[in-house]
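Chemist: this is a predicted model, with the sequence first.
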Amino acid sequence: MPKHVLLVAEDNAVDAMLLERALRRAGSSFKMVRVSNGEELIDYVQARGPYEDRAQHPAPKMILLDLKMPKKDGFAVLRWRQSTPAGCQLPVIVFSSSSLEQDINQAYSLGANSYVVKPTAPERLESMVKAMHEWWAGFNTTALKSA
Amino acid sequence: MAAPTPVTPTAARWFTRPLFRWSAAIIAAIVFGILVFEALGISVFKRIGMPHEFCYLRDPKLIWLHVVADLLIGFAYVSISVTLAYLVYKASKGIPFNWMFLAFGLFIVTCGLTHFMEVWVIWEPVYWLSGYVKVVTAAASVATAIALFPLLPKIFKLIDAARRSEERRLEIEQLNQELERFNYSVAHDLRAPLRGISGFSQILREDCEKELSADALEYLERIQTSVAQMDALISELLKYATISRQKVSLEPVLLEEVLRVTLGLLNAEIARRHAEVVTTGTLPTVLGDATMLQVVFQNLIGNSIKFVGPGVTPRIEISSERLTTTKVAVYFTDNGIGIPAEARDRIFGLFERFHPEHAGTGIGLPIVHRAVERINGQIELVESPTGKGARFQLILALASPRS
């Protein structure tokens, strides 16, 4: 069975590296695909531009979304997602440094399914990745492909 | 309560209104003028023939044109001066040079009177009276005109002050925006390098454990400790900024409830240290903001649990004492290591630390201080009854002041 794609929008290469390592160590069944800004993420989800080939770039099962990114930021992605029926069915976990009330509230207002403040301690990151995998790939049922 | 005053207050106030006083002054001036001239044998009401027979050519159209125009001007003048007088009456403290406004009002009202006289003299030849009214008008006009000159620099100063206060308002607004951006940046960017340092030193430890000496492993451990410290600093700094900017609404808050929630949040820490938190008597209901009070309680009790000597079981006592009919003092007394007396003035300053051997960011007490300030309370370190430990006195407003 092919691994589900976890689409990660992250502009910080270090964060992306640490996350990938944590996923690998947790034995996650997710295949992490990284894009580095909101624009690329939207292109990927819509299979546009460089991501046209679905065989090479399979549709994502879930999105892990950083908020502060160049070009389109996380909020812009969330707004775009709300405007498309397929986007709305795709679970989005906001994964940001910010613990500011306004960021958290705005993310949920724009339809985020979960909000996780990036842990600083490596052990925390690993246990977060494990729990995330257990929940989203284990207990949680995502929307079934309608089209 | 005393019995209701016999005089209706509205009548008394009406009598003292500037509008009434100035109107009375004008009427008195005119009547006085008439009496003086009559007494001197110069008849004010003397008829000198057909009024305005020649100038208006007995043409009804021309007469009515003048009558209507004069009446309109007269009423407008009176209305303007009434409005001015009302303005001065309503905002007498807010308007500078209010006497100038009143002089101006008098000038306008007398101008109105001259126009009413114009109408009157079409039918009645009261030219003398009309003349006296003009004299009063002239006096008021000249007085206003003269009084206006020395006022000019003051008015310019006033305009300048208004402009400067607007500039300052804009500056503050800009500063607030910058602070907001700064906060945003702290929240989003400052932690990223920490994750790198912490993450890669962890990887180093995991992947190269065999090649590293015991010393090197300890250094890596120290890196982690420093990162955790920096992380805590950033968190606390953000909390401090949030406390400063968050909206507060002053409403009745049950301190018992605040304490209950706080103990719930500190549950793990209390259990770990076997801390004992006791209250003597019932805590009052105060006028404050639940979130701010929560922050105060959590930091003060948290500190009391954290800053204890080795082997000591933390004990915190919370009590309250009514100070006046409106104020209450809440005391937080602990058996911890206390704060040196000479540091008393500095404890609420940012990044002040008195116990380097204990983990602390030096932002906890500033947060408490700011939160207390936000709800118009006071807090200070007071002498502990036992001479040991720390004792904070928090003064708040009672929600329902009763004797």
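Modeler: Ah, there it is. Keep in mind that this is a model prediction, so the values were computed, not measured.
Chemist: can you spell out which helices and strands pack onto the lowest-mean-pLDDT helix or strand in chain A?
Modeler: Ranking every helix and strand in chain A by mean pLDDT, DSSP states H and E puts helix A:85-88 at the bottom, with a mean of 84. Helix A:85-88 is packed against helix A:74-82, with contacts defined by 3 or more CB pairs under 8 Å, 6 or more residues apart in numbering or on different chains; DSSP states H and E. Bear in mind the C-beta positions are built from the backbone N, C-alpha and C, glycine included.
Chemist: need the residues that contact the helix it packs on.
Modeler: A:9, A:38, A:41-42, A:63, A:65-68, A:72, A:87-88, A:90, A:92, A:94, A:96, A:106-107, A:110-112 (CB atoms under 8 Å, 6 or more residues apart in numbering or on different chains).
Chemist: give me the buried subset of those.
Modeler: A:9, A:38, A:41-42, A:63, A:65-68, A:72, A:87, A:90, A:92, A:94, A:96, A:106-107, A:110, A:112 (16 or more other CB atoms under 10 Å in any protein chain shown).
Chemist: in which helix or strand would I find residue 21?
Modeler: No chain specified, so I'll use chain A. Following DSSP states H and E, one finds A:Arg21 within helix A:13-25.
Chemist: right idea, wrong chain: chain B
Modeler: Applying DSSP H and E, one finds B:Arg21 within helix B:18-39.
Chemist: got the buried residues for that helix?
Modeler: Here helix B:18-39 shows B:18-19, B:22-23, B:26, B:29-30, B:33-34, B:37 as buried, counting by 16+ other CB under 10 Å.
Chemist: which strands or helices does the helix or strand just after that helix pack on?
Modeler: As assigned by DSSP H and E, the chain's next helix or strand after helix B:18-39 is helix B:60-90. When contacts are defined as 3+ CB pairs under 8 Å, 6+ apart, helix B:60-90 sits against helix B:18-39, helix B:98-123.
Chemist: starting at the chain centroid, how far to the helix or strand containing B:Leu152?
Modeler: Counting by DSSP H and E, the element that carries B:Leu152 is helix B:127-189. Here helix B:127-189 is found 20 Å from its chain centre; the criterion is CA atoms, centre = their mean, to the nearest Å.
Chemist: and the most centrally placed residue in chain A, what does it touch?
Modeler: Closest to where the C-alpha atoms of chain A average out (CA atoms, centre = their mean) is A:Leu64, at 1.6 Å. Contacts for A:Leu64 (CB under 8 Å, 6+ apart) come out as A:6-10, A:19, A:93, A:95.
Chemist: rewinding a little: of the helices and strands packed on helix B:60-90, which is nearest chain A?
Modeler: helix B:98-123 (45.7 Å; CB to the nearest CB).
Chemist: okay, the helices and strands packed on helix B:60-90 in TSV with mean pLDDT next?
Modeler: Output for the helices and strands packed on helix B:60-90, formatted as TSV (pLDDT from 0 to 100):
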stretch	mean pLDDT
helix B:18-39	79
helix B:98-123	81
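Chemist: dump these into TSV; add distance to chain A as well.
Modeler: Below are those laid out as TSV (distance: least, CB to the nearest CB, whole Å):
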stretch	distance to chain A
helix B:18-39	51
helix B:98-123	46
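Chemist: can you put the ones you listed in CSV and add distance to B:Val67?
Modeler: Shown next, in CSV, are the helices and strands packed on helix B:60-90 (distance: least, CB to CB, whole Å):
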stretch, distance to B:Val67
helix B:18-39, 22
helix B:98-123, 5
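Chemist: out of these, which gets nearest to B:Leu158?
Modeler: Closest to B:Leu158 of the helices and strands packed on helix B:60-90, according to CB to CB: helix B:98-123, at 11.7 Å.
Chemist: also compute the angle for the closest one relative to helix B:60-90, please.
Modeler: 160 degrees (axes from the mean of the first three to the mean of the last three CA atoms, to 10 degrees).
Chemist: now helix B:98-123 against helix B:127-189, angle please.
Modeler: 140 degrees.
Chemist: ok, and for helix B:98-123, which residues are buried?
Modeler: For helix B:98-123, by 16+ other CB under 10 Å, it's B:98, B:100-120, B:122.
Chemist: name the helices or strands packed onto that helix?
Modeler: Where contact means 3+ CB pairs under 8 Å, 6+ apart, helix B:98-123 is packed against helix B:18-39, helix B:60-90, helix B:127-189.
Chemist: mind checking which of those is nearest B:Val312?
Modeler: helix B:127-189 (35.9 Å).
Chemist: elements contacting the closest one?
Modeler: Counting by 3+ CB pairs under 8 Å, 6+ apart, helix B:127-189 packs on helix B:18-39, helix B:98-123, helix B:214-245.
Chemist: right, and B:Leu62 touches B:Tyr56 too?
Modeler: Yes. The pair B:Leu62 / B:Tyr56 is scored as a contact, 5.1 Å apart, by CB atoms under 8 Å.
Chemist: neighbour count: these two, which is higher?
Modeler: Taking other CB atoms under 10 Å in any protein chain shown, B:Leu62 and B:Tyr56 do not tie; B:Tyr56 has more neighbours (17 against 13).
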